[in-house]
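1. sequence unknown, structure follows:
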């Protein structure tokens, strides 16, 4: 079952769903979703330093990206066909019986901005900032500013609590993430 605005508000107020910093519900709460804001850190891929990514090499991620940190009023110039990792301002903690889905916002989608490539599902028991797998599929650069409402979370209540919440998974690679992180793909994944 997808949570409505009333459910989301009640779950946040009762701390069943934890969002930090606390969202401005008047601006961020939709009919059945909660908008999250763009953080000020980006990982930009260094395609001119590498000719390929070898997913069998355990060190493939070394030197693959560089971190860009922006001031609050400084724009990120998002060039056409560029793929970057971003992060939300908000940290999210989901209980064992709530999953979430990240979706783009229509207003940015109409500019060619995609906020997730394939990883739109957020497991029950997840805690951390949401890493955004962003691409500008448009034809012209777009200036993105920290604090912009960049994506929306749609919350889904499970019929029963999971026996494998993310925080209890052995090898949960992205638990408690607070910065954009590269792939932690391991040989054999």
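-> Cool, the structure landed. Not measured: the values here are computed from a predicted model. Numbering: from 1, shown residues only.
2. from the centre of the chain, point out the most distant residue.
-> Distance from the C-alpha centroid of the chain peaks at residue 51, with 27.1 Å (Cα atoms, centre = their mean).
3. which of the three states applies to that residue?
-> Following DSSP: H, G, I helix; E, B strand; the rest coil, we place residue 51 in the coil state.
4. could you pull up phi and psi at it?
-> Taking degrees, to the nearest 10, you get phi -90, psi -20 for the backbone angles of residue 51.
5. helices or strands next to the longest helix along the chain in the packing?
-> The longest helix of the chain (DSSP state H) is helix 5-13. If contacts are counted by 3 or more Cβ pairs under 8 Å, 6 or more residues apart in numbering; DSSP states H and E, helix 5-13 sits against strand 149-157. Any C-beta I mention is one placed from the backbone N, CA and C, and that applies to glycine too.
6. give me the buried positions along the strand it packs on.
-> 149, 150, 151, 152, 153, 154, 155, 156 (16 or more other Cβ atoms under 10 Å).
7. and which of the residues you listed is nearest residue 121?
-> residue 156 (9.6 Å; Cβ to Cβ).
8. dump the residue contacts of the nearest residue to the closest one once chain neighbours are set aside.
-> Closest residue to residue 156 apart from its sequence neighbours, by Cβ to Cβ, 6 or more residues apart in numbering: residue 99 at 4.9 Å. By Cβ atoms under 8 Å, 6 or more residues apart in numbering, the contact list for residue 99 reads 121, 122, 123, 124, 155, 156, 158.
9. what lines up beside the helix or strand hosting residue 42 in the sheet?
-> Residue 42 is part of strand 41-45 when elements are defined by DSSP states H and E. Using DSSP bridges, the strands paired with strand 41-45 are strand 65-69 (antiparallel), strand 83-93 (antiparallel).
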